[in-house]
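S.K.: the following block contains a protein sequence and its predicted model.
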Amino acid sequence: MKTIGERTTMKRTVRTFALAGMLMLMPVIAGHAEPGGNPGYHGPKSEGRATGHAESRKLFDDLELSAQQVERLKKDKMERRKTMIRLRSELDLLHAEMAQSAFSEKPDMKNLEDLSVRIGDVHARMTMQRIRSLVFLRSLLTDEQKKLMDSRHLMMTTIPRR
């Protein structure tokens, strides 16, 4: 049987190794963190989407937009950005409310279903905002620019995803 002193020493040793292990893992975890990361929000990423940021930038460069087209796009982008920020905030609040409700002593399934529907509605409104942006962009383009954009879209959507 171990004495009290030996058990205390053993606990300290285990605690020290656990702390050392956590400290060694922190840089690895921090290296995988994303700027402005928000737990529970996985946001838009270029992986799995038809085009990433670099491809979009190249497309806009190749479209050779006029100064007037660029100005109208910037104005529209700011308005859509404000809307998306509000929608993301609403989505975060709904997720927090759902987590609170789900982990309560007696979860109310009707309330959880209602929250789920409301979350789906916010996702649908976010998707509509993205579609509106695309439609607005296309409304500004000349026929030649539309052909170039359509050919790039077709090329990017036919590339198999991982």
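M.R.: Cool, got the structure. Numbers count the residues shown, from 1 in each chain.

S.K.: wait, a strand at residue 107?
M.R.: No. Applying DSSP: H, G, I helix; E, B strand; the rest coil, one finds residue 107 to be coil, outside a strand.

S.K.: you'd agree it is up against residue 101?
M.R.: Yes. Here residue 107 reaches residue 101: they are 6.0 Å apart, a contact under Cβ atoms under 8 Å. In this view, the C-beta of every residue, glycine as well, is placed from N, C-alpha and C.

S.K.: immediately after the lowest-mean-pLDDT helix or strand in the chain, which helix or strand?
M.R.: Using mean pLDDT, DSSP states H and E, helix 4-32 stands out as the lowest-scoring helix or strand of the chain, at a mean of 68. Moving toward the C-terminus from helix 4-32, the next helix or strand (DSSP states H and E) is helix 53-63.

S.K.: buried stuff in the next helix or strand after that next one?
M.R.: Counting by DSSP H and E, the next helix or strand C-terminal to helix 53-63 is helix 67-102. Within helix 67-102, the residues that count as buried by 16 or more other Cβ atoms under 10 Å are 69, 72, 73, 84, 87, 90, 91, 94, 95, 98.

S.K.: next: stretch 114-124.
M.R.: The neighbour-count check on stretch 114-124 (16+ other Cβ under 10 Å) flags 115, 118, 119, 122 as buried.

S.K.: residue 79 and residue 3, how far apart?
M.R.: 72 Å (Cβ to Cβ, to the nearest Å).

S.K.: sec struct for the closest residue to residue 141 other than its chain neighbours, please.
M.R.: Once flanking residues are discounted, residue 141 sits nearest to residue 149: 6.6 Å by Cβ to Cβ, 6 or more residues apart in numbering. Secondary structure for residue 149, judged by three-state DSSP, is helix.

S.K.: good, wrapping up.
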